[in-house]
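Novice: need coordinates for the below:
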Amino acid sequence: MTGSENYHLQVRQIVVHHLCSNPLLFKQFLLSANTTMSQYISRSKMLQNGTWATQVEIFAMAHLLGTDIQIYTEYNTAKDGTKLFKWMNHSGKFVEQSFNTSDMCMYINHANGNHYNVVLSVTAKNNTKNLSKFKDRSTSVP
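Specialist: Numbering: from 1, shown residues only. Modelled structure (predicted):
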């Protein structure tokens, strides 16, 4: 998004501010219906460096940027042990149905179930090759 990880704390703060400024829009993404956005932010420690983003923050970022964010993630393991991957769309339209999003899109690889890397190139549709070999932040989806 910025071309550098140097701004991750500022981006985190902007996303948290967006969540806190629009709690009714994002309440649907919280796991507990009885949790307020302030409680979620406090319990998740999202303002602290090192806290991993969840789908709540990804939907907030998609809404904030007015674009879809496609996440390439492992979703299952085949009987032969092969890991299966798919693209999951996180759109501002899921936050607000009447929301207008850009034709542009961000692509991110959800690596090892706990980290997100930018995808610089998508060359094949519906490709399910294992991306675990990519360790740097500049993942290319074959």
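Novice: quick one: residue 72 is in a helix?
Specialist: No - with DSSP: H, G, I helix; E, B strand; the rest coil as the criterion, residue 72 is strand rather than part of a helix.
Novice: wait, it touches residue 111, no?
Specialist: No - judged on Cβ atoms under 8 Å, residue 72 makes no contact with residue 111 at a distance of 9.1 Å. In short, each C-beta sits where N, CA and C put it, glycine included.
Novice: these two: which is more packed in?
Specialist: residue 72 (22 against 19; other Cβ atoms under 10 Å).
Novice: part of a helix, is residue 38?
Specialist: Yes - assessed by three-state DSSP, residue 38 belongs to a helix.
Novice: for residue 48, see how far away the residue nearest to residue 28 when sequence neighbours are not counted is.
Specialist: Excluding the flanking residues, the one nearest residue 28 by Cβ to Cβ, 6 or more residues apart in numbering is residue 95, at 8.0 Å. Here the criterion is Cβ to Cβ, to the nearest Å. By it, residue 95 lies 24 Å from residue 48.
Novice: looking at these two, which is more packed in?
Specialist: Neighbours per residue (other Cβ under 10 Å) separate residue 95 from residue 48, with residue 95 holding more: 18 against 9.
Novice: is it true that that one touches residue 59?
Specialist: Yes - here residue 95 reaches residue 59: they are 5.7 Å apart, a contact under Cβ under 8 Å.
Novice: hey, what's in contact with both of these two?
Specialist: The overlap between the contact sets of residue 95 and residue 59 (Cβ atoms under 8 Å, 6 or more residues apart in numbering) consists of residue 26.
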